[in-house]
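>>> sequence first, predicted coordinates after that:
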Amino acid sequence: MSRRQVNPARRIADSGSIPFVGSVQSKTRSSPLLSVVLVVLGAILIIGYCYSGSGGASNIEAVRKVEGGVSCTYEVQTAIPVLKKVYGDSMHKVLHVGPDTCSVVSKLLKEEDTEAWGVEPYDLEDADTNCKSLVRKGLVRMADIKFSLPYRAKSFSLVVVSDALDYLSPKYLNKTLPELARVSTDGVVIFAGYPGQNRAKVAELSKFGRPAKLRSSSWWIRFFLQNSLEDNEAASKKFEQASTKRSYKPACQVFHLKSFQ
């Protein structure tokens, strides 16, 4: 599966929302070149805004706002302080599985006493400089999560997955979920979309291979039970308490599962 990064500037430019363009065109119809220059400058400013403050890395929040959708990968980054409160020492060695994993790994590596690795389910051909560096170091790798993960059993203390399971059919979920539990020792945290959320638009379906199948919490719970994946009730309760204390309300469903013993 191939997944290309969306250019928010292109969408905004196409929608005609670049400020001042309309007024300039009406006043300078004899100078169409000026309008073109202003459009280009506006696009450059928007791109600079989306990439500012991250050293060239993609600004997920800005992309999410432009698309009008929900990024569970962004939610993972937002929830890191809550996850640390819940899992404590189990956040020492973390594997993130999902698109834009380089952004999650980069943020985790900035946390004290935290090692992090990532698995990108889609192509990394459009990766930025920071992501390519993580790949060279072996911290991030591309892998088809429909098959066995390229890690030994219990290689990580905690596995966090986002924006990936929603695109798998039950046939492949039967293989992928046990794999996530196999390579972890202290649990698996799943960030999944709510039914009705906007995830992949029609034009993007070819990149994901299939549209997102956003399932209800009851569907996920039944599926976990069918695959002998046990709910981590203690972690779920702590997460709820920590979220309330920090006034944090996830935009995605969050499930806490125990690892295979």
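Perfect, I can see it now.
>>> where do the strands sit along the stretch 1-150 of the chain?
93-97, 115-120, 140-142 (DSSP state E, counting those that start in this stretch).
>>> among these, which comes closest to R182?
Between R182 and the strands of the stretch 1-150 of the chain, the tightest spacing by Cβ to Cβ is seen for strand 93-97, at 11.5 Å. C-beta coordinates here come from the backbone N, C-alpha and C atoms, glycine included.
>>> who does the closest one pair up with?
Neighbouring strands of strand 93-97 in its sheet, by DSSP bridges, are strand 115-120 (parallel), strand 158-162 (parallel).
>>> averaged pLDDT, it. What do you get?
Mean pLDDT, computed over strand 93-97, is 97.
>>> what of stretch 163-173?
92.
>>> what do you get for stretch 226-234?
What stretch 226-234 shows for mean pLDDT is 94.
>>> hang on, isn't A235 packed against L158?
No. Judged on Cβ atoms under 8 Å, A235 makes no contact with L158 at a distance of 9.8 Å.
>>> hey, what's in contact with both of the two?
Y87, G187, V189 (Cβ atoms under 8 Å, 6 or more residues apart in numbering).
>>> pull the number of nearby residues for the spatially closest residue to G118 that is not a sequence neighbour.
Using Cβ to Cβ, 6 or more residues apart in numbering and skipping residues adjacent in sequence, the residue nearest G118 is T101, 3.3 Å away. If you count neighbours by other Cβ atoms under 10 Å, T101 ends up with 32.
>>> need the contact list for T101.
With Cβ under 8 Å, 6+ apart, T101 has these contacts: T73, G118, V119, E120, V140.
>>> what's across from the second one in the sheet?
Going back to what we said before, that points to G118. Beta-bridge partners, per DSSP bridges, of G118: H96, V140.
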